[in-house]
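**Q** Below are the sequence and a predicted model for it; my questions follow.
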Amino acid sequence: MEQQIYARWVDIGTRIGLALLVISFALYVTGMLEAHVPAAELVRLWDLPVHLFVAATDAPTGWGWLALLHKGDYLTFVGIAVFAGITLVCYARMIPMLIARGERLHAALAAAQLLVLALALSGVMT
């Protein structure tokens, strides 16, 4: 039963993430939303080491991209973030079910995995 619920939630999250990627990418490539880094400039800067790219484009680091969601090139990050967060949401959904079934070890392992993923996403460990 848990596997079916997990799979259903992954399926839903994947569909949402893909839809967000397609829509945001369309807004970006059509120019409906201005890009933070214009495509012509991006081609010129693409091979720079990351610290030079960040300096040349004033690109945010960490969760700073959230402040640029009004820009077409950064709006696409929302779909990527949905993909990255699917597992977190699924584990959070499964823990109460495991506890209700008396599977405390599995619930504890899922909670530990959830904590590790949340810490990794937060950037606290960097």
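**A** Noted; the coordinates are in hand.
**Q** C-alpha only now, for contacts and for neighbours.
**A** Will do.
**Q** Now residue 108. Nearest residue, chain neighbours left out?
**A** Leaving aside its sequence neighbours, residue 108 sits nearest to residue 95 (Cα to Cα, 6 or more residues apart in numbering; 8.0 Å).
**Q** most centrally placed residue in this protein?
**A** For the chain, residue 81 is the residue whose C-alpha lies nearest the centre (Cα atoms, centre = their mean; 1.3 Å).
**Q** What distance do you get for residue 28 to residue 64?
**A** Computed as Cα to Cα, to the nearest Å, the residue 28 to residue 64 distance reads 19 Å.
**Q** do residue 27 as well
**A** On the measure of Cα to Cα, residue 27 and residue 64 end up 21 Å apart.
**Q** Compare neighbour counts for the two and give me the winner.
**A** The neighbour count for residue 27 versus residue 64, taken as other Cα atoms under 10 Å, is higher for residue 27 (19 against 10).
**Q** buried stuff in stretch 56-73?
**A** Of all the residues in stretch 56-73, those buried under the rule 16 or more other Cα atoms under 10 Å are 59, 65, 68, 69, 71, 72, 73.
**Q** what helices or strands is the lengthiest helix in the chain leaning on?
**A** Secondary structure assigned by DSSP state H gives helix 2-29 as the longest helix of the chain. When contacts are defined as 3 or more Cα pairs under 8 Å, 6 or more residues apart in numbering; DSSP states H and E, helix 2-29 sits against helix 72-75, helix 77-100.
**Q** Dump the ones you listed into JSON lines; add distance to residue 23 as well.
**A** Listed next are the helices and strands packed on helix 2-29 as JSON lines, based on distance: least, Cα to Cα, whole Å:
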{"stretch": "helix 72-75", "distance to residue 23": "10"}
{"stretch": "helix 77-100", "distance to residue 23": "9"}
